[in-house]
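No sequence on hand, only this structure:
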C-alpha cells in the first residue's frame, strides 16, 4: 500500500526528548516499512526513518530557537501533502485538524488520529463542520466529549518489542514520569509513597507554564529524604529507570487520552497503579498489569498487591496488547476499510454514471 | 461583482474596541456594498454589516472567555468559504495566510492583504511554497523583508469621510494612542512632551504581555504633572481626543506596516510627528500632514513647525489619500485585474484545448 504519514513538526520523528505523538508516528512508520509498505513520512528534516522523508522544515520546531510561529511550516506541509495526494492510497494525519479544509474533498483517502484531549469547548463546531473526515481515537474514553463524531476505530498505541526488556524492579522504589503539572498528580504520588513508606523517584520536566505550580506546591515536597527528583530523562535512561522500579504511579487528574508511560512501564514488566480517569481503565488490565483506583487511599491499600504481580505476566500482556506490530495491524485494517469503501463507491458510480463510448470513433 | 471578504474572527466587524484589521475590513465591505457590489462578509456573528454575513462563530473570539483556541473557528470559516467559492468572482482574504493550502488551486480568484509585519523568520518558507497566491501590501515598506513575493499592489487603508471631522486642536496637548509596548515608543513620547514643555495625553491599553514593561519603564513616568493617562478609548471618544490635540506623536520603534492612528489624526486635521520606521514616510506628507523625523531631538526641533501646519490642509490631504472610497477604488481595480487575467487564461485555453463538438448528436 502507498501510505503517507503526516506528523506534527514540533518534534522530530522520533523525538530527541519529550514528544508522545511524534514517537508513536515514528513507531508506526518504521513498522509499516518493515512490513513492506511504501511509506512517505511528512515530518521535520531532522527525523530519522526508513520511509521516504518529506520535510517542511529543517529542524523540529520546539527545539528551534529561531521559530516564532509554528503555523507557517504546517501550512507548507499541508500543501506538500495535497500536491502529492495522488501518489498515495491513504493519507494518515497525526497533526491535529488543520488539514480539514484542504482535505475535506479527499476525505475518502484520509484517516486522522486524534492525539490530544477532546474536551475543549472549541472542538464541537469544528467536528460539526467536517462530519466526513474519518477519525481514529487512541482510547475509547478519549471520544466521550465528541462521541457523535465520525469515529472509525480506536487504535491503542504500541511500542517496538525490542525497545524495552523485562526488568526485576530491584531498585524497590516507586516511579513517577511526566510533566510537573496539576493534571499529572505528582502531589498525590508523593503522598502515596510517603504513606506507604517507600522511596519515590521522579523523572519529570517543568514547563514554563507550570513553574508557578512547581514553586508553590511541589518544591518543598521534594525535600523529603524519601523523594528523589532526577529531572527530564531520554529514552535511553527511561528503560533502566522503569525496569528497576517496583511500580509506576500514574495518579492523574485529567482525562488522559492514552498515557504512553503506562505501556512503557509494562514493557519493562513494571506494574502500574493508575487513577480512574480518561484511558486508564482501558490500558491497565486490573490484577494483571496493575490496578485501577479511585483515590489516594485506594492506591495505598492496593500497593502491596501491585508489588506482588508477576512481572513476566505484565510483560506478556504488554506484548499481546501494546506492540507496534499490533498497532500497525489495527491501522492497516482501517486503511483497507477505506480502500474498500472507495472501491465500492467506484463500482456504484460505474453502474450509475453514463459512460462515454470509448470505442466509437 | 460578487465579492467575498474574509475577516479574522478575533474581533467583530467593526470591532467593539481595539482591532485594526477588522475595522479596515468593515470600512471596505460597507463601501463596496454602497457602490453596488454583491458582497458576502465572512466574520464573527456579532458583526454589523449591510453585506450578507456568514459567521463561523457567534461572538468575536478575543472577547469570548469560553474560547481557548481560535484555530478551529478559522478552519470552519475556511471550509465555508471553500464550499461557496463558485458563488464569488473574487475572494479577498484578510485573515493571515492559513487559507493558502486550501485556496492554492483557486489562486486566480483570490487576493490576500497582508495586515501584519512580515519581518518574521517563519514567513519566507511559507511564501516560497505558495508563489501563486496574489498578495497586497498595506505600505511599500511592509514588503521589504519579502520583496520577492507575489505582490500585486499596495493599497493604503482608508476611513469613511464622515467618521471624523476637522477639529481645532484647542486642547493644546500632544496625543499618544496605542498599546503600551516598547515598539510603540511611549517613553520617547513622554520625553518629547516634557522637553517641549507641552502636556501629553495618553490613550492606551496595556496587554498582559507588556505588563512587565509597563511596571518597569512607564508607570513612574506617568506621575509627571504634565502627563495624563486616560486608558483605552473606543471610536466614539477617539474623535474628540484627536480633534482637540495639537499634534499626534508617533515615535515608533518597529517596522509599522501601516499605522491607522496616523490617518485617524489627519481625519481630525491633527498633524502627525512620526519616526522614520516602516510605513511612516509613506503615510505622512512631510510639511503638509506632519513631519517625519529620525530621533527624539529632531522631533522636538520640528514640533513648533508641526503645530503651525494648516489643519484644513491636513484634512484635505487625508480626504484625497486616505478615504474608504479611494481604498475601495484601488481594491476594485485589483479585482478587475484578477478577472481579466482569468478571462485571458480562459481564452488561451479555448484555443489550445480540444473542444467537444456540442452540436454533433
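Received, thanks. None of these values were measured; they are calculated from a predicted model.

okay, CA-based contacts and neighbour counts for the rest of this
Fine.

what helix or strand is residue A:5 on?
Using DSSP states H and E, residue A:5 sits within strand A:2-6.

In its sheet, which strands sit next to that strand, and in what direction?
Here strand A:2-6 is paired, per DSSP bridges, with strand A:38-42 (parallel), strand A:90-93 (parallel).

in chain A, what residue is nearest chain B?
Closest residue of chain A to chain B, CA to the nearest CA: residue A:102 (4.4 Å).

what comes into contact with the host helix or strand of that residue?
Using DSSP H and E, residue A:102 maps to helix A:100-103. Under the contact criterion CA atoms under 8 Å, 6 or more residues apart in numbering or on different chains, helix A:100-103 has outside partners A:78, A:82, A:110, A:130, A:133, B:75, B:76, B:78, B:79, B:82, B:101, B:102.

run the last query once more with 6 Å
Outside helix A:100-103, the residues within contact range by CA atoms under 6 Å, 6 or more residues apart in numbering or on different chains are B:79, B:102.

how about that helix: buried residues?
A:100, A:101, A:102, A:103 (16 or more other CA atoms under 10 Å in any protein chain shown).

Among these, which one lies nearest to residue A:306?
Nearest to residue A:306 among the buried residues of helix A:100-103 is residue A:100, at 44.0 Å by CA to CA.

Could you find the closest non-adjacent residue to residue A:25?
residue A:7 (6.5 Å; CA to CA, 6 or more residues apart in numbering or on different chains).

circling back: and the strand holding residue A:5, what's buried?
A:3, A:4, A:5, A:6.

pretty sure the second one contacts residue A:42?
Same thing as residue A:4. No - judged on CA atoms under 6 Å, residue A:4 makes no contact with residue A:42 at a distance of 7.3 Å.

Give me the residues contacting stretch A:104-115.
A:90, A:91, A:92, A:93, A:94, A:133, A:134, A:135, A:136, A:137.

can you list the residues you listed in TSV and add pLDDT and neighbour count?
Shown next, in TSV, are the contacts of stretch A:104-115 (pLDDT from 0 to 100; neighbours: other CA atoms under 10 Å in any protein chain shown):
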residue	pLDDT	neighbour count
A:90	97	25
A:91	98	26
A:92	98	21
A:93	98	24
A:94	98	22
A:133	97	23
A:134	97	20
A:135	98	19
A:136	98	23
A:137	98	22
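
So for stretch A:220-238, mean pLDDT?
On average, the pLDDT along stretch A:220-238 is 87.

Now do the end-to-end distance for it.
25 Å (CA to CA, to the nearest Å).

Measure how the helix or strand of chain A with the lowest mean pLDDT sits relative to strand A:2-6, angle-wise.
Ranked by mean pLDDT, DSSP states H and E, the weakest helix or strand in chain A is helix A:324-352, scoring a mean of 83. In terms of direction (axes from the mean of the first three to the mean of the last three CA atoms, to 10 degrees), helix A:324-352 departs from strand A:2-6 by 120 degrees.

buried set for helix A:324-352?
A:324, A:325, A:326, A:327, A:328, A:329, A:331, A:332, A:334, A:335, A:338, A:339.

And the helices in the stretch 201-350 of chain A?
Secondary structure of the stretch 201-350 of chain A by DSSP state H, counting those that start in this stretch: the helices cover A:211-213, A:235-243, A:260-267, A:280-283, A:296-307, A:311-321, A:324-352.

Pull out the buried residues from stretch A:227-237.
A:227, A:232, A:233.

Check the spacing between the last one and residue A:202 real quick.
From residue A:233 across to residue A:202, the span is 10 Å (CA to CA).

Repeat that for residue A:145.
Taken as CA to CA, the span from residue A:145 to residue A:202 is 32 Å.

go on, residue A:332?
Using CA to CA, residue A:332 is found at 37 Å from residue A:202.

What ranges in chain A fall below the confidence cut-off?
A:345-361 (pLDDT under 70).

So which bits of it are right by chain B?
A:72, A:76, A:79, A:101, A:102, A:126 (CA under 6 Å from any CA of the partner chain).

Looking at the residues you listed, which two lie furthest apart in space?
A:76 and A:126 (21.5 Å).

These two - which one has more neighbours?
The neighbour count for residue A:76 versus residue A:126, taken as other CA atoms under 10 Å in any protein chain shown, is higher for residue A:76 (23 against 19).

Remind me which helix or strand that one belongs to.
Going by DSSP H and E, residue A:76 is part of helix A:71-83.

in that helix, what's buried?
Across helix A:71-83, burial judged by 16+ other CA under 10 Å covers A:71, A:72, A:73, A:74, A:75, A:76, A:77, A:78, A:79, A:80, A:81, A:82.

Residue A:201 bridge partners, please.
In this entry, residue A:201 is beta-bridged to residue A:175, residue A:228, by DSSP bridges.

Just give me the neighbour total for it.
23.

wait, what's in contact with it?
A:175, A:228, A:229.

Tabulate those residues (a markdown table), appending distance to residue A:35.
Shown next, in a markdown table, are these (distance: CA to CA, whole Å):
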| residue | distance to residue A:35 |
| --- | --- |
| A:175 | 35 |
| A:228 | 42 |
| A:229 | 41 |
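
Residue A:243: what's its closest spatial neighbour, skipping adjacent residues?
residue A:167 (4.2 Å).

residues in contact with the one you found?
Counted by CA under 6 Å, 6+ apart, residue A:167 has contacts A:243, A:268, A:269.

On the three-state scheme, it is what?
Residue A:167 carries the three-state label coil when classified by DSSP: H, G, I helix; E, B strand; the rest coil.

The closest residue to residue A:285 other than its chain neighbours pairs with what?
In space, and not counting its chain neighbours, residue A:285 is closest to residue A:291: 7.3 Å by CA to CA, 6+ apart. Assessed by DSSP bridges, residue A:291 has beta-bridge partners residue A:273.

right, and residue A:291 touches residue A:270 too?
No - using CA under 6 Å, residue A:291 makes no contact with residue A:270, being 11.8 Å away.

Who has more neighbours out of those two?
Set residue A:291 next to residue A:270 and count neighbours by other CA under 10 Å: residue A:270 wins out with 35 against 24.

I'd like to know how many residues surround the closest residue to that one other than its chain neighbours.
Once flanking residues are discounted, residue A:270 sits nearest to residue A:247: 5.4 Å by CA to CA, 6+ apart. If you count neighbours by other CA under 10 Å, residue A:247 ends up with 28.

residues contacting residue A:247?
Residue A:247 is in contact with A:174, A:270, A:271, A:272, counting by CA under 6 Å, 6+ apart.

In PyMOL, select just the buried ones from these.
Here is the PyMOL selection string for the buried members of the contacts of residue A:247, based on 16+ other CA under 10 Å:
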select buried, chain A and resi 174+270+271+272
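
Please name the nearest non-neighbouring residue to residue A:154.
Closest to residue A:154 by CA to CA, 6+ apart is residue A:137, at 4.6 Å.

and the gap between the spatially closest residue to residue A:21 that is not a sequence neighbour and residue A:93?
Setting aside the residues directly before and after it, residue A:21 is nearest to residue A:115 in space (CA to CA, 6+ apart), at 6.6 Å. As judged by CA to CA, residue A:115 and residue A:93 stand 10 Å apart.

about what we covered before: can I get the contacts of stretch A:104-115 in JSON lines including distance to residue A:156?
Output for those, formatted as JSON lines (distance: CA to CA, whole Å):
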{"residue": "A:90", "distance to residue A:156": "20"}
{"residue": "A:91", "distance to residue A:156": "19"}
{"residue": "A:92", "distance to residue A:156": "15"}
{"residue": "A:93", "distance to residue A:156": "16"}
{"residue": "A:94", "distance to residue A:156": "14"}
{"residue": "A:133", "distance to residue A:156": "20"}
{"residue": "A:134", "distance to residue A:156": "17"}
{"residue": "A:135", "distance to residue A:156": "14"}
{"residue": "A:136", "distance to residue A:156": "10"}
{"residue": "A:137", "distance to residue A:156": "8"}
